[in-house]
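Participant: what follows is a predicted structure for the sequence shown.
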Amino acid sequence: MAVKSVIEAVREAMREEMRRDERVFVMGEDVGWRGGVFLATQGFIEEFGEARVIDTPLAEASIMGIALGASFRGLHPIAEVEFADFVWPTVNQLIGEAARVCYGTDGKLNAPMTIRIPYGGGIRGGLYHSQSVEAYFFHTPGLKVVAPATPYDAKGLLKASIRDNNPVVFLEHKKTYRLVRGEVPEDDYVLPIGRAEVKRAGSSITLVSYGLMLHYCLEAAEQLAAEGVAQVEVVDLRTLRPLDTATVLESVKKTGKLLIVHEDNITGGVGSEIAALAADAAFDYLDAPITRLCGPDVPTMPFAQTLEDAYMPNTHKIAEALRTLAAY
Amino acid sequence: MTQAGTQTTDGIAGGIAGPLEVDGIDMSRRLPQGVAPEDLVDIYRRMVLVRALDERIWMMNRQGKVPIAASGQGHEAAQMGSLLAAEKDGNCFFFPYYRDLSIKMSGLTPTQVMLSFMGKAGDAYSNARQFPLQGADLAHNIIQLSNVVAASLTQSVGYALGCRMLGDERVTLVYFGDGASSQGETHEAMNFAGVHRLPVVFICENNGYAISVPQRLQMAIGDVAGRAEGYGFPGLVVDGMDLLHSYEATAEAIAHARREGPVLLEMKVERLMPHTTDDDDSRYRPREEVEAAKLRDPVATLGAYLLAEAFLTEEQEEEIKAQARRAVNEATDAADATPPPDAGEMLKHVYAP
Ligand SMILES: Cc1ncc(C[n+]2csc(CCOP(=O)(O)OP(=O)(O)O)c2C)c(N)n1
């Protein structure tokens, strides 16, 4: 199996789906001859032409509204938001409109569209190139929200998103694009949306995460094993909505301890929901307080290295939190 | 019909003149090509029915049986004229807005309309999840998903893009108000449609008000149509109180859209009622203005024209009105006797399979 980066996996998924299905097309800023600012669509316009690789005007609300309208006609658009930080002008179409299509028409109409959003920080992106935006979409029934951490998952889940008959917000952590590499099969495979995966089995603490942080969690878990402190089970959510509550609860019931890690700020984040879930459905199994290690409540990580480091959860901070939990 | 944009093409320009005036509106010109007197009588029958439904719906709001309604009174000629053009074309798709009762009931029975306004089971648009006649009626090529003004504009442009990609010849008609023309998405939609020369007809029903806000506070220009120039396609001011003007302008616009790209039609209309059943327009609109507008009632205008041209006798006209009254009564009774949707419906269809 070939080893690929996340961005290569993303590109491959789209290319294969566009070859497989005429109804699939991409639109966004600079996706054409530039191949996307992260080169996700490199080579696409040469292969598929301008009709299916649309360099849009610099106007995000219309990118989303037009993709939605095209999906009404039965196409499967992939709309790229250049950076998550610029998703806000699309929120009317995404949260206000797309999420309500199926429900608001009593199931008569649906919106088979994929919204690719490069997100996240740790790249010296400052306030407007580092944002984590998942909580807003996570809150919204009618949307699906996918946030893979590995090239294998990125490819299989992006293909599933493109084939899905619902609007899928597909979150790609920018820092994983070239940093994270892994084996990716050449052949066609699809991973189910809504299924978490235990990325590391363990017995003493459940560690739930997604995206870039998943990799820091795996490193921290290895450290604790090496120290002989704890055998940490790492659950990769992969899909945020619909949430795979069964996999999370099964692990928590086994270990009795739960740490949730995400880069997005803590209040009202995905971690809050998982904490509530565990408190509701696994209370009798818990041996320690449910713990969250998340970004702090500031409006995004700042630019200066010191400030960005202070914001970002990392392997060291996660290992510390795990030690505290192990000792409880 | 006045040419407001500069990018004109032969088909889309046009002027019609003649001497006969009915209630101050010039109606005496040859019938547009392809429109027979029977077409107009049929349209008149439908307009009378829409008006009768509209009036009944308003009354039932006062009786507590219809929670909310936006009246289309005053907009009927613009809506019906454009609808007639689209029906004659035979390959159009509609993105109407909440005031477009005439468009949305085109495929429905009066009972279906009443079911929807009363929030009863079987509402054709959303099974009573949404405000009346909001959602989709795909059997009749209609989507109106949302209450958010102008949100449908980018969607309609996307729909037209999809049509082009699939190689079909369908033309998309999207309707909105003068207030909605101020939204950023209106600009974005028209800009994209212009760049790609998509087959879209933008129809602004300009009634001079957005709830209470008058046009002079909405925009610094007299005609929304003039903006089309900035998007590289024609914009036309249309007398939306005149069915034939509205029909002809839309027919030309549809042909142009299919051939060359978008058109913006600004249909100047009057809102004869408050914004919705929840509104009290006496707080912001002079009574004389409303009374003057009522003298230009588009339904009465068309009726007078048909009588003057002897396309209709007085007895026939009376019968049309009596038929409408009967249909509305039956529809009201039928909808009244229908239960609302079962509460168990509430959790369904959050996601498509
Ligand atoms: C984005 C948005 N803001 C506010 C409203 C509330 N609202 C409903 S209708 C309306 C006025 C719209 O006026 P116009 O577009 O001129 O259409 P009209 O009702 O006059 O036909 C307003 C402000 C809304 N529906 N959508």
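Facilitator: Yes, it's here. Numbers count the residues shown, from 1 in each chain, chains lettered A, B, ... in the order given.
Participant: the stretch 201-328 of chain A: helices as residue ranges?
Facilitator: A:212-227, A:245-255, A:270-281, A:305-311, A:315-327 (DSSP state H, counting those that start in this stretch).
Participant: an error on my part: the question was meant for the stretch 151-300 of chain B.
Facilitator: B:151-166, B:184-196, B:215-218, B:228-231, B:243-259, B:287-294, B:298-308.
Participant: dump the ones you listed to a markdown table, plus mean pLDDT, distance to chain A and mean neighbour count.
Facilitator: Where you see a C-beta, it was placed from the backbone N, CA and C, and this is true even at glycine. Shown next, in a markdown table, are these (pLDDT from 0 to 100; distance: least, CB to the nearest CB, whole Å; neighbours: other CB atoms under 10 Å in any protein chain shown):
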| stretch | mean pLDDT | distance to chain A | mean neighbour count |
| --- | --- | --- | --- |
| helix B:151-166 | 98 | 2 | 27 |
| helix B:184-196 | 98 | 3 | 23 |
| helix B:215-218 | 97 | 20 | 14 |
| helix B:228-231 | 98 | 11 | 19 |
| helix B:243-259 | 97 | 15 | 24 |
| helix B:287-294 | 97 | 33 | 12 |
| helix B:298-308 | 96 | 30 | 20 |
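Participant: format the ones you listed as TSV; extra columns: distance to the ligand.
Facilitator: Below are the helices of the stretch 151-300 of chain B laid out as TSV (distance: least, CB to the nearest ligand atom, whole Å):
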stretch	distance to the ligand
helix B:151-166	7
helix B:184-196	9
helix B:215-218	7
helix B:228-231	17
helix B:243-259	15
helix B:287-294	13
helix B:298-308	15
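Participant: OK, contacts around A:Leu109?
Facilitator: By CB atoms under 8 Å, 6 or more residues apart in numbering or on different chains, A:Leu109 lies in contact with A:Phe72, A:Val101, A:Cys102, B:Gly135, B:Ala136, B:Leu138, B:Ile143, B:Leu145.
Participant: just those residues: which are in helices?
Facilitator: A:Phe72, A:Val101, A:Cys102 (DSSP state H).
Participant: neighbour-wise, which of the residues you listed leads?
Facilitator: A:Val101 (29 neighbours; other CB atoms under 10 Å in any protein chain shown).
Participant: I'd say A:Glu263 and A:Cys294 touch.
Facilitator: Yes: using CB atoms under 8 Å, A:Glu263 is in contact with A:Cys294, at 7.4 Å.
Participant: more neighbours, these two?
Facilitator: Taking other CB under 10 Å, A:Glu263 and A:Cys294 do not tie; A:Glu263 has more neighbours (27 against 20).
Participant: confidence score at that one?
Facilitator: For A:Glu263, the pLDDT comes out at 98.
Participant: what of A:Val235?
Facilitator: Value for A:Val235, per-residue pLDDT: 99.
Participant: OK, contacts around it?
Facilitator: A:Ala196, A:Glu197, A:Val198, A:Lys199, A:Thr206, A:Leu207, A:Val208, A:Ser209, A:Thr247, A:Val248, A:Ser251.
Participant: quickly list what's touching both of A:Glu263 and A:Cys294.
Facilitator: A:Pro313.
Participant: before we move on, back to that, just give me the closest of the contacts of A:Leu109 to the ligand.
Facilitator: The ligand lies nearest to B:Leu145 out of the contacts of A:Leu109, by CB to the nearest ligand atom, at 12.5 Å.
Participant: domain parsing of chain A, as residue ranges.
Facilitator: As assigned by automatic domain parsing, chain A contains the domains A:2-184, A:197-327.
Participant: minimum distance to B:Glu188: which of these has it?
Facilitator: With CB to CB as the criterion, B:Glu188 lies closest to domain A:2-184 of those, at 3.5 Å.
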